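Colleague: here's my sequence, what's the structure:
(2 chains)
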Number of protein chains: 2
Amino acid sequence: MKYQCIAQDGKARAGLIETDHGVIETPVYMPVGTQGSVKAAQQRELIEMGAEIILGNTYHLYLRPGTDIIEQAGGLHRFMSWAKPILTDSGGFQVFSLTDLRKIEEGGVTFRSHHDGSLHTFTPENVVQIQRQFGSDIMMVFDECTPYPCEFKYAKDSNEMTVRWAERCKTMFEKSSPIYGHSQALFGIVQGSVYPEIREMSSRSLIEMEFDGYAIGGLAVGEPVEEMYRITEFTEKFLPANKPRYLMGIGLPENILESIDRGIDMFDCVIPTRNGRNGMLFTRNGTMNMRNARYKTDFTPVDAECDCYTCRTFTRSYLRHLFIAKEILALQLASIHNLTFFLWLAKEARKKIIEKRFKEWKATMLARLQASVFTEHQTSISQ
Amino acid sequence: MKYQCIAQDGKARAGLIETDHGVIETPVYMPVGTQGSVKAAQQRELIEMGAEIILGNTYHLYLRPGTDIIEQAGGLHRFMSWAKPILTDSGGFQVFSLTDLRKIEEGGVTFRSHHDGSLHTFTPENVVQIQRQFGSDIMMVFDECTPYPCEFKYAKDSNEMTVRWAERCKTMFEKSSPIYGHSQALFGIVQGSVYPEIREMSSRSLIEMEFDGYAIGGLAVGEPVEEMYRITEFTEKFLPANKPRYLMGIGLPENILESIDRGIDMFDCVIPTRNGRNGMLFTRNGTMNMRNARYKTDFTPVDAECDCYTCRTFTRSYLRHLFIAKEILALQLASIHNLTFFLWLAKEARKKIIEKRFKEWKATMLARLQASVFTEHQTSISQ
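Modeller: Got it, this is the predicted structure:
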């Protein structure tokens, strides 16, 4: 994997990540395919939308269908018929947030499956091994993602263990080889909750180990958005310019724009698909609740500036009907539109960075994104 | 609407139905878009699969989104962005099967909405009017669909009313005009339960009224399949050769083949989509339960002879995973495959009729369709 920054506007960067499955233009939004499927979206549709890389979740895929089945299929790309890059997380976040029983020790984490209660252990070593078996283009180190709020002492001790785990992941990564003939990269994850001194220590330690990229983890876990921006801004200063930076699990369109402005290159978030399935559509002019009665006879597209299949083909009136009638097509069309919008947002940011007009465009977009959310809420109340 | 029979092999017919939204090649399978959406399938996918006409349900669409909204949209074609032909049923079947309270009188039927309990009335006249507002290419008369079993006396009286209703529909059809500039046809529906003499009376009365096509209704409502074939065969004898024949709500692949062999041209059924969503996939070699453990590491396509997106792209192993993991993509891929299979079956029958090889092909297909269902069931039991 190679990263190259091709343009900068303030802190905002436009770059290229080269992988054996293709080039990723950054900033990039990465659709989330938790269980080997981006919910309600087909692989060919992801290509049509312009997705350049998707995510898979190690915890979910390890439990179901199971690492052995994915390996027998010839890796995750072949299992799910996706020929472009894949990033897999390390399972750390899910182990800490989804499982009931979990025992964290220096060696690793023992946890019970949320499906059947069966006992499993993740260690820095086997998490790298599992991702080798998946064949992801970008693998993530096994980390502890601290919750919010989190006491200083806990965050510090946890991060020290996360750093030791990162080292073990790196060692395992170097000892092992790709299985499927394409190369795999390994990213480190900066932790440290909302404490700058821990974030600094975490960054410095990881950078010494020389990862292929650096993620900022442990944010968007409930802290105020200003804290998130503050920690992102602070952490970014330590990250090397010649490696991509990935802000994990972020976020709303405005969070993505603000984070790009703070030097972040990569984003993943389930918001477009999850909120889409709940009837929330993101547009250049704010969000829409598609179930709103105001769309009953609104025969305009969801977002007139959008060129996705949904906006090219269907009206708000039809989409509202599909949501009210609980048609599966509602989930499909909402996912197509929202994913297209998030992908567009990152691609458009890239263009503006290259044109050195990012700040000005960001300000315009933020104003537009805010404006009509307010209008819709007002209208809803008066109905 | 024009119908032309272009080839015949025994009773089996290959024909053309010309509508203002395009030509339909018969025999034809018509995907069912109950609420203005063929479940889990996109409009562009229906085109890709080779769908030439789809169904809409008057009862459902009248209640939701409502006839007024569809008319404001410019008709059902524009409302749902479907430029090919649409057939709408008359709501009769749903009024009799879905609603709790319903009062059948000579004038029409008063019923309560299954959504909110609100009171509504369907009459032969307003059902034609509603279908004018939908703008369907083929409209159906309002009929009473008798249940099975049904006493002779009830079936006879009911059919006499259905015939009087058909006459009122025809009168209303002639008095009214298309709203959207394209022409609309009206089909009569032969009723009479499993009683040949009523079926004959029904057919003769309707034919005198000169409809654009004739449907056989009141079958596939629980009677033995031999009864269904017997009544279809009997009724067909009375139907004019220069009009299309539509066997409503049929059926399994073998039922479709047997009915084509008895002179039927048009079919609609929710089996491909409904069973597909439950994990049942239809193939040339019988049905598969995609959740079956035998497909865990089966990296072959669902049906190697099928050229649908699902079979071109994904393995049984991946599909099984999607069903087990309850991914929406499972419903989409199963619907795409099953609809493609049913559409293929009717198109292939057409080819064989033109080649005068229908009987021979039907026998081969029936043997194949049966054979491996048995194999899978055996395997399942031994697992």
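Colleague: wait, residue A:156 touches residue A:191, no?
Modeller: No - if you go by Cβ atoms under 8 Å, residue A:156 and residue A:191 don't touch, sitting 10.0 Å apart. For every residue, glycine as well, the C-beta is placed using N, CA and C.
Colleague: shared neighbours, these two?
Modeller: Shared contacts of residue A:156 and residue A:191, defined by Cβ atoms under 8 Å, 6 or more residues apart in numbering or on different chains, are found at residue A:198.
Colleague: who has more neighbours, those two?
Modeller: Ranked by neighbour count (other Cβ atoms under 10 Å in any protein chain shown), residue A:156 and residue A:191 place residue A:191 first, with 31 against 18.
Colleague: quick one: contacts for the more buried one?
Modeller: A:143-146, A:155, A:158-159, A:162, A:198-199, A:202, A:217-218.
Colleague: run the last query once more with 6 Å
Modeller: Contacts for residue A:191 (Cβ atoms under 6 Å, 6 or more residues apart in numbering or on different chains) come out as A:143, A:159, A:162, A:202, A:217, A:218.
Colleague: point me to the residue of the stretch 101-250 of chain A nearest chain B.
Modeller: Proximity of the stretch 101-250 of chain A to chain B (Cβ to the nearest Cβ) peaks at residue A:115, 9.6 Å away.
Colleague: state the mean pLDDT of stretch A:44-63.
Modeller: Per-residue pLDDT over stretch A:44-63 has a mean of 98.
Colleague: residue A:14 is in what secondary structure piece?
Modeller: strand A:12-19 (DSSP states H and E).
Colleague: elements contacting that strand?
Modeller: Applying 3 or more Cβ pairs under 6 Å, 6 or more residues apart in numbering or on different chains; DSSP states H and E, one finds that strand A:12-19 contacts strand A:2-9, strand A:22-26, helix A:328-354.
Colleague: for that strand, give me every contacting residue.
Modeller: Strand A:12-19 is contacted from outside by A:1-7, A:23-24, A:26, A:85, A:137, A:244, A:260-261, A:265, A:350, A:353-354, A:358, using Cβ under 6 Å, 6+ apart.
Colleague: do stretch A:236-249 as well
Modeller: By Cβ under 6 Å, 6+ apart, the surrounding residues in contact with stretch A:236-249 are A:3, A:17, A:203, A:213-217, A:220, A:259, A:262-266.
Colleague: out of these, the closest to residue A:295 would be?
Modeller: Of all the contacts of stretch A:236-249, residue A:220 has the smallest distance to residue A:295: 30.1 Å, by Cβ to Cβ.
Colleague: for that closest one, which non-adjacent residue is spatially closest?
Modeller: The spatially closest residue to residue A:220, leaving aside those adjacent along the chain, is residue A:249, at 4.6 Å (Cβ to Cβ, 6 or more residues apart in numbering or on different chains).
Colleague: residue A:207 too?
Modeller: In space, and not counting its chain neighbours, residue A:207 is closest to residue A:240: 6.1 Å by Cβ to Cβ, 6+ apart.
Colleague: quick one on the thing from earlier: just checking: what are the partner strands of the strand holding residue A:14?
Modeller: With DSSP bridges as the test, strand A:12-19 is paired with strand A:2-9 (antiparallel), strand A:22-26 (antiparallel).
Colleague: take those strands and lay them out in CSV including mean pLDDT and mean neighbour count.
Modeller: Compiled in CSV, these are given as follows (pLDDT from 0 to 100; neighbours: other Cβ atoms under 10 Å in any protein chain shown):
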stretch, mean pLDDT, mean neighbour count
strand A:2-9, 98, 16
strand A:22-26, 98, 20
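Colleague: need these in CSV with distance to residue B:303, can you?
Modeller: Output for these, formatted as CSV (distance: least, Cβ to Cβ, whole Å):
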stretch, distance to residue B:303
strand A:2-9, 42
strand A:22-26, 31
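Colleague: picking that back up, restrict the contacts of residue A:191 to those near chain B?
Modeller: Filtering the contacts of residue A:191 for proximity to chain B by Cβ under 6 Å from any Cβ of the partner chain leaves nothing.
Colleague: buried subset of the residues you listed?
Modeller: Buried by 16 or more other Cβ atoms under 10 Å in any protein chain shown: A:143, A:159, A:162, A:202, A:217, A:218, out of the contacts of residue A:191.
Colleague: my understanding was that the fifth one contacts residue A:189; is that so?
Modeller: Yes - under the contact definition of Cβ atoms under 6 Å, residue A:217 touches residue A:189, with a separation of 4.3 Å.
Colleague: now the common contact residues for these two.
Modeller: Shared contacts of residue A:217 and residue A:189 (Cβ under 6 Å, 6+ apart): residue A:143.
Colleague: on the three-state scheme, the residue in the stretch 151-300 of chain A positioned nearest to chain B is what?
Modeller: Ranked by Cβ to the nearest Cβ, the top residue of the stretch 151-300 of chain A for proximity to chain B is residue A:297, at 5.2 Å. Under DSSP: H, G, I helix; E, B strand; the rest coil, residue A:297 falls in the coil class.
Colleague: distance of it from residue B:141?
Modeller: Separation of residue A:297 from residue B:141 (Cβ to Cβ, to the nearest Å): 30 Å.
Colleague: more neighbours, those two?
Modeller: With neighbours defined as other Cβ under 10 Å, residue A:297 and residue B:141 compare such that residue B:141 has more, 30 against 16.
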